[in-house]
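>>> no sequence on hand, only this structure:
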């Protein structure tokens, strides 16, 4: 039982709240039973797991947690980056800086279309605690890839796109590309620009990705 805040494992967990240490060590944390169970289901072996009351005093684990309310279990894992390409549908992100959005898109891509997320320049760290929590375990099932540009036929989602989602060609193989809500995507990145008709000015990037993935998955199911 760990009874000191100076324990090396607790120190590692606290360090991994910072991107510099995640990059240096190549590790990340997953907090909570659901995420640790998702890692086990994906055969993603932990470097170590600490459980409150079993391995460590509960208040010490809560103090190391990135959650405001603490956590009863924290696992430390090695980062795994996938290679881009090979999936019928993938999602390319450019300049999406909010880790919650990145994690949510990883979750939607996995849940709706079995799609890999490829992170381009300027994206948030998918291994940050906030992104890992937002992925709800999907980061273990379909870890993200990195790439400077999207591959294959690329459909960009833009509020000013010339083609409505209902009329867009979403047949695979396909990359759905989305950028930051203000800056958007660099010019010349896509083969077509598609808009999602809404009454408001725009959608949050994670919501837009989810709508695009849902429509794409429905089309694929209808085509058999």
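Perfect, I can see it now. Since we're looking at a predicted model, the values are computed, not measured.
>>> ok, longest helix in the chain?
Longest helix in the chain, counting residues (DSSP state H): helix 205-222.
>>> any idea how far it is from the chain center?
Centroid separation between helix 205-222 and its chain, computed with CA atoms, centre = their mean, to the nearest Å, is 16 Å.
>>> buried residues, it. List them.
205-213, 215-217, 220 (16 or more other CB atoms under 10 Å). C-betas here are computed from N, CA, C, even on glycine.
>>> quick one: residues in contact with that helix.
88-89, 91, 93, 96, 98, 100-101, 104-105, 108-109, 112-113, 115, 157, 165, 170-172, 174, 176, 178-181, 194, 196, 202-203 (CB atoms under 8 Å, 6 or more residues apart in numbering).
>>> can you classify the spatially most central residue of the chain as helix, strand or coil?
Closest to where the C-alpha atoms of the chain average out (CA atoms, centre = their mean) is residue 103, at 3.1 Å. Under DSSP: H, G, I helix; E, B strand; the rest coil, residue 103 falls in the helix class.
>>> tell me the pLDDT at it?
pLDDT recorded at residue 103 is 98.
>>> and it, what does it touch?
Contacts of residue 103 (CB under 8 Å, 6+ apart): 126, 130, 131, 132, 133, 134, 135, 136, 139.
>>> element containing residue 36?
Here residue 36 sits within helix 33-41, counting by DSSP states H and E.
>>> buried residues of that helix, list them for me.
Buried, per 16+ other CB under 10 Å, within helix 33-41: 35, 36, 38, 39.
>>> what of stretch 46-66?
49-52, 55-57, 60-62, 64-66.
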